[in-house]
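Student: Coordinates only, no sequence provided:
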Ligand SMILES: NC(=O)c1ccc[n+]([C@@H]2O[C@H](COP(=O)([O-])OP(=O)(O)OC[C@H]3O[C@@H](n4cnc5c(N)ncnc54)[C@H](O)[C@@H]3O)[C@@H](O)[C@H]2O)c1
């Protein structure tokens, strides 16, 4: 483990910021140095809670030499400007998901990171779960044989009050819909495990949040490039909630993650390590089903410490912008398909038309 402590500054003192702050303070490799938020009240409370410096803007925070890395925790449609600003000021960056609302912006951010010689990682912390890593290993080892189906089911609840806490949460173009906001994690897991995708047919509705301009329901059929098929079903309209599910079915095996726990792990070639893998995930870790703040910070800490290790060793972070590009393209294609009422083949022809 590294001895060096890297100084981090948070841009945004909103809902997710305390999870980053706790992870930074819990890690021996990192130090929470500063936070910046244009909302003076939030800034004051946050600096009092976590004992760090406070700034009113990113530029002011970037003038602080103790800030070596910036975690971008602003609303989704504002990530681009912040990532470009921090990278061009020579700071490493961790950007919350989704990294951007357009592929062109993602490419721009990746290019800025390369030009500045800084590392940019994305907070898609579910990739780090033991259950997901076990599924990925099993796929790489060919244990499923031909993969027939790869699905995710996210049957969650968000209240209308949650959406009304901020203007950006009520606007699809700001990235508040269930597809790009909550389900993005699980679309990303399917992409990470079984992607890329060749065609999607999506349908979106607002079932339970009248007057709020978002989709709270996504249903999509998916064709993967490797011949597998799948379903994405994601809602923030259902009560009571159930654990998210990632299901992979192949000719020689099935693996299912529920929440962060392995629920089913069965292969024709049963191996000695399989019993241990079946115990992965405690089932006691909150994964965000009931509310946006219904989370632990452990997975964030893993992503943050991975960035530190990438900075020190010169390797890429575990979750690069480039690795998230196909996830974003898939999400955008589902929006396009829902709008057209027809299947959409990838690559996406005109991403500007999506929004
Ligand atoms: N990884 C996860 O599991 C997870 C969970 C929740 C949220 N998120 C992501 O975190 C990000 C933030 O979400 P949130 O719910 O905390 O949002 P939020 O609205 O609660 O907080 C955003 C904060 O950014 C501040 N802000 C906006 N523009 C700014 C600017 N230009 N300069 C300074 N401050 C600015 C706002 O004042 C606000 O306090 C989003 O990208 C969201 O998708 C990730």
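Tutor: Ah, there it is. Values in this document were obtained by computation on a predicted structure and should not be read as measured data. Numbering: from 1, shown residues only.

Student: Can you get me a residue count around residue 230?
Tutor: By other CB atoms under 10 Å, the residues close to residue 230 number 22. (C-beta placed from N, C-alpha, C; glycine too.)

Student: In the sheet, which strands lie alongside the helix or strand hosting it, parallel or antiparallel?
Tutor: Using DSSP states H and E, residue 230 falls within strand 229-235. Note on strand 229-235: by DSSP bridges, its sheet partners are strand 147-155 (parallel), strand 217-224 (antiparallel).

Student: Go through the ones you listed and name the closest to the ligand.
Tutor: Closest to the ligand of the strands paired with strand 229-235 is strand 147-155 (CB to the nearest ligand atom; 12.6 Å).

Student: List of residues touching that closest one?
Tutor: With contact meaning CB atoms under 8 Å, 6 or more residues apart in numbering, strand 147-155 is reached by 139, 178, 182-183, 186-187, 189-190, 193-194, 222, 224, 226-235, 238, 241-242, 244-251.

Student: for it, which positions count as buried?
Tutor: 147, 149-155 (16 or more other CB atoms under 10 Å).

Student: quick check, nearest of those residues to residue 49?
Tutor: residue 154 (30.5 Å; CB to CB).

Student: gap between the closest residue to the closest one other than its chain neighbours and residue 151?
Tutor: In this structure, residue 154 finds its nearest non-sequential neighbour in residue 234, 4.1 Å apart by CB to CB, 6 or more residues apart in numbering. Distance, residue 234 to residue 151, using CB to CB, to the nearest Å: 11 Å.

Student: same check, this time on residue 187
Tutor: Distance, residue 187 to residue 151, using CB to CB: 11 Å.

Student: again, but for residue 315
Tutor: Taken as CB to CB, the span from residue 315 to residue 151 is 32 Å.

Student: neighbours of the residue in the stretch 251-355 of the chain positioned nearest to the ligand, just the number please.
Tutor: The ligand sits closest to residue 292 of the stretch 251-355 of the chain, with a gap of 5.1 Å, by CB to the nearest ligand atom. Using other CB under 10 Å, residue 292 has 17 other residues around it.

Student: Leaving out sequence neighbours, find the closest residue to it.
Tutor: Nearest residue to residue 292 in three dimensions, chain neighbours excluded: residue 15, at 5.6 Å (CB to CB, 6+ apart).

Student: Might one say that that neighbour is in contact with residue 291?
Tutor: No. Taking contacts as CB atoms under 8 Å, residue 15 lies outside contact range of residue 291: 9.6 Å.

Student: Pull the distance from stretch 203-218 to the chain's centre.
Tutor: 21 Å (CA atoms, centre = their mean, to the nearest Å).

Student: Sorry, slip of the keys, the one I care about is stretch 37-57.
Tutor: That offset, for stretch 37-57, works out to 25 Å (CA atoms, centre = their mean).

Student: Give the rounded mean pLDDT of it.
Tutor: Averaging pLDDT along stretch 37-57 gives 98.

Student: Have a look at the protein and report its longest helix.
Tutor: The residue-count maximum for a helix in the chain (DSSP state H) belongs to helix 321-340.
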